[in-house]
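Undergrad: show me the folded form of this:
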Amino acid sequence: MITLSEVQEQVVDLSNEDRKGLIAFLLHGITDDFPVVTDEEIISRETEMDSAEVETVCYEDFVRIVRG
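TA: As a prediction, this is how the structure comes out:
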């Protein structure tokens with residue numbers, strides 16, 4: 001069986017269009033239920049950020065926090 005690292009090495013050589021097709025294929029095969037984010041929740045979170053009710057975190061800090 002092919003390993004993930006072998007797939008990753010092969011994907012690098014694909015065109016952007018083929019990568020998009022691969023992504024669509026892979027996502028279609030996932031059977032897990034994904035949480036649904038409503039428009040209301042998005043608007044609420046945008047409002048919180050705009051009003052400074054919450055502290056935003058830059059990407060680099062987020063990655064550092066998640067990785068511990």
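Undergrad: gap between stretch 20-35 and the chain center?
TA: Once both centres are worked out by C-alpha atoms, centre = their mean, to the nearest Å, stretch 20-35 turns out to sit 12 Å from its chain's centre.
Undergrad: what separates residue 32 from residue 56, distance-wise?
TA: 28 Å (C-beta to C-beta, to the nearest Å). C-beta coordinates here come from the backbone N, C-alpha and C atoms, glycine included.
Undergrad: again, but for residue 4
TA: In this structure, residue 4 lies at 33 Å from residue 56, with C-beta to C-beta as the measure.
Undergrad: between residue 32 and residue 56, tell me which one has more neighbours.
TA: Neighbour count, other C-beta atoms under 10 Å: between residue 32 and residue 56, residue 56 has more, with 9 against 4.
Undergrad: next, count neighbours for the closest residue to the more buried one other than its chain neighbours.
TA: The shortest distance from residue 56 to any residue other than its chain neighbours is 6.0 Å, reached at residue 49 (C-beta to C-beta, 6 or more residues apart in numbering). For residue 49, the number of neighbouring residues by other C-beta under 10 Å comes to 12.
Undergrad: phi, psi for residue 12 please.
TA: Reported as degrees, to the nearest 10, the phi and psi values for residue 12 are phi -60, psi -30.
Undergrad: repeat that for the one 5 residues further on.
TA: For residue 17, the backbone dihedrals are phi -60, psi -40 (criterion: degrees, to the nearest 10).
Undergrad: per-residue confidence for residue 53?
TA: What the model reports for residue 53 is a pLDDT of 86.
Undergrad: residues touching it, list them.
TA: Neighbour list for residue 53: residue 47 [criterion: C-beta atoms under 8 Å, 6 or more residues apart in numbering].
Undergrad: can you tell me how far it sits from residue 10?
TA: Distance of residue 53 to residue 10, given as C-beta to C-beta: 46 Å.
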